[in-house]
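Asks: any chance you could fold what I've pasted below:
(one chain, ligands or ions: 2)
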Amino acid sequence: MSESLAVINCSQLVTLSGPARPRVGPELRQLAVVEDGGMVVRDGHIAEVGSQSEIERLIDKDCEVVDAGGRVVLPGFVDAHAHPVFAGTRANEFEERSQGATYQEIAVRGGGIQATVNLTRAATLDELVASGKRHAEWFIRSGTTTIEAKSGYGLTVEDELKILRAIKRLDEETPLRYVPTFLGAHSIPAEYKSRREEYVSLIIDEMLPRIASEKLAEYCDVFCEASVFTTEESRRILSAARGHGLGLRIHADQLSLSGGAKLAAELSSVTADHLEHTDTAGIAALKSAGVQPVLLPGSVYALGSSRYPPAREMIDAGLAVVLATDFNPGSSPTPAMPMILSLASTQMKMTPAESITAATINAAYSLNRGDKIGSLERGKIADFVIHDCDDYRDLAYFFGIEHPWQVYAGGRRVFARS
Ligand code: NIG
Ligand code: FE
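Replies: Ligands and ions are numbered 1, 2, ... in the order given. This is a model prediction of the structure:
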């Protein structure tokens, strides 16, 4: 007998059903909401979506009924940019930054990413899995059911493999779904500072072949920035990654206009992420190459900057915008997508509907999972969240509170507020 579940009494069932591709322009505002809706789930997948009366007719005696109590139901958020596996924290740097030190100053003197690298190298696989589980719980209780997970705090062959193996275990051992990305090019590690060329060769000649042959990553990312990896180094690394069958993502134009967006377009990268400094020419290049921008306002906010990426210009240009948390211990210590929705509305002038599309179906397409997750449509995996409000706009409007009331992954309840 198949396991079935009926979700009833949803003030708004926000389905995001629509064309089988990422949403652009005015489509970002079309959430395909079913007022007073419901949904039937069978064997972990969505079997029916409809009005309350249609769904009630389908309830049989074997069906578990979940009464949403007039709340809003959304697909689980899909977080397409996160760095969730690391050891320790950087609360000390956070405190220094509160007193005026800058992220770059701290990085130059050996803090920043390198500080987390030192702690992560010293941690065992089991320790990384244990702290990763704590982070997974944070994502789940914020209403996120899938995340992209980058390595990048190891920066040796063995330590990068260790992080990617931790991500694999977290995918198997937690309810959260993980899409692994290799980010060996996150920083030039301290021991290679005077011979950066050798580190680039280590990535290309040793890390990438191992990771590809062990199938530990689906994507490769590079922190492309004049002070980190130059566009030429980024081009070499990403071209090699593509040769191993990996999809491409790029940290682009975060701290300066370094040509990252243009490189993303040149290489037909799947995404270009950050883009705080991207100009009109960069936006046009992304559009003509079909690259999805992944905007990360949490890192702008947490770095105390006011330079948010030009989201409106991107939407007007027809880009399939994605929003993500950039969860990491330095520039963006939040796993909470509702906070990102709030920032998108207040700082980037995106409507709540546009933000929700960017954090669900568009994010799913950017991870090559648009056919499986990101909307509530027949045949998709039943990853959904009952939020404790009756108007979806409240998710962006009321900030700093936990909206999820119950979270489901594959039709199974994985979080319930007590
Ligand atoms: O996306 N930009 C590079 N990487 C991260 C920061 C990581 C860190 O500070 O630990 C980011 O902002
Ligand atoms: Fe990042």
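Asks: residues contacting residue 385?
Replies: If a contact means C-beta atoms under 8 Å, 6 or more residues apart in numbering, then residue 385 has 73, 74, 75, 76, 77, 143, 145, 404, 406, 407, 408 as its contacts. Any C-beta I mention is one placed from the backbone N, CA and C, and that applies to glycine too.
Asks: so it, which state does it fall into?
Replies: State at residue 385, reduced to three classes by DSSP: H, G, I helix; E, B strand; the rest coil: strand.
Asks: so what's it bridging to?
Replies: With DSSP bridges as the criterion, residue 385 is bridged to residue 74, residue 407.
Asks: what about the residue in the stretch 51-200 of the chain positioned nearest to ligand 1, how many residues nearby?
Replies: Nearest residue of the stretch 51-200 of the chain to ligand 1 (C-beta to the nearest ligand atom) works out as residue 113 at 4.6 Å. Using other C-beta atoms under 10 Å, the number of residues around residue 113 comes to 26.
Asks: what's the closest non-adjacent residue to it?
Replies: Leaving aside its chain neighbours, residue 113 sits nearest to residue 187 (4.4 Å; criterion: C-beta to C-beta, 6 or more residues apart in numbering).
Asks: do you know the pLDDT at that neighbour?
Replies: If you check residue 187, the pLDDT there is 97.
Asks: for residue 229, see how far away it is.
Replies: According to C-beta to C-beta, to the nearest Å, residue 187 stands 9 Å off from residue 229.
Asks: and these two? Which one has more around it.
Replies: Ranked by neighbour count (other C-beta under 10 Å), residue 187 and residue 229 place residue 229 first, with 28 against 23.
Asks: how close does that one get to residue 223?
Replies: Taking C-beta to C-beta, one finds residue 229 at 6 Å from residue 223.
Asks: how about the residues of the chain by ligand 1?
Replies: Within reach of ligand 1 by C-beta under 6 Å from any ligand atom, the chain has these residues: 83, 112-113, 116, 223, 251, 254, 299, 326, 328-332.
Asks: quick check, nearest of these to ligand 1?
Replies: Among the residues of the chain next to ligand 1, and counting by C-beta to the nearest ligand atom, the member closest to ligand 1 is residue 330, at 2.3 Å.
Asks: for the closest one, give me phi and psi.
Replies: Per-residue torsions, residue 330: phi -110, psi -80 (degrees, to the nearest 10).
Asks: and the nearest residue to it once chain neighbours are set aside, what does it touch?
Replies: Leaving aside its chain neighbours, residue 330 sits nearest to residue 90 (5.4 Å; criterion: C-beta to C-beta, 6+ apart). Neighbouring residues of residue 90 by C-beta under 8 Å, 6+ apart: 111, 112, 115, 116, 329, 330.
Asks: from the residues you listed, pick the one nearest residue 157.
Replies: Checking these against residue 157 with C-beta to C-beta, the nearest one is residue 116 at 18.3 Å.
Asks: who's in contact with whatever helix or strand that closest one lives in?
Replies: Element membership of residue 116 [criterion: DSSP states H and E] is helix 113-122. Here helix 113-122 makes contact (C-beta under 8 Å, 6+ apart) with 85-88, 90, 93, 107, 128, 152-156, 159, 163, 186-187, 189-190, 329-330.
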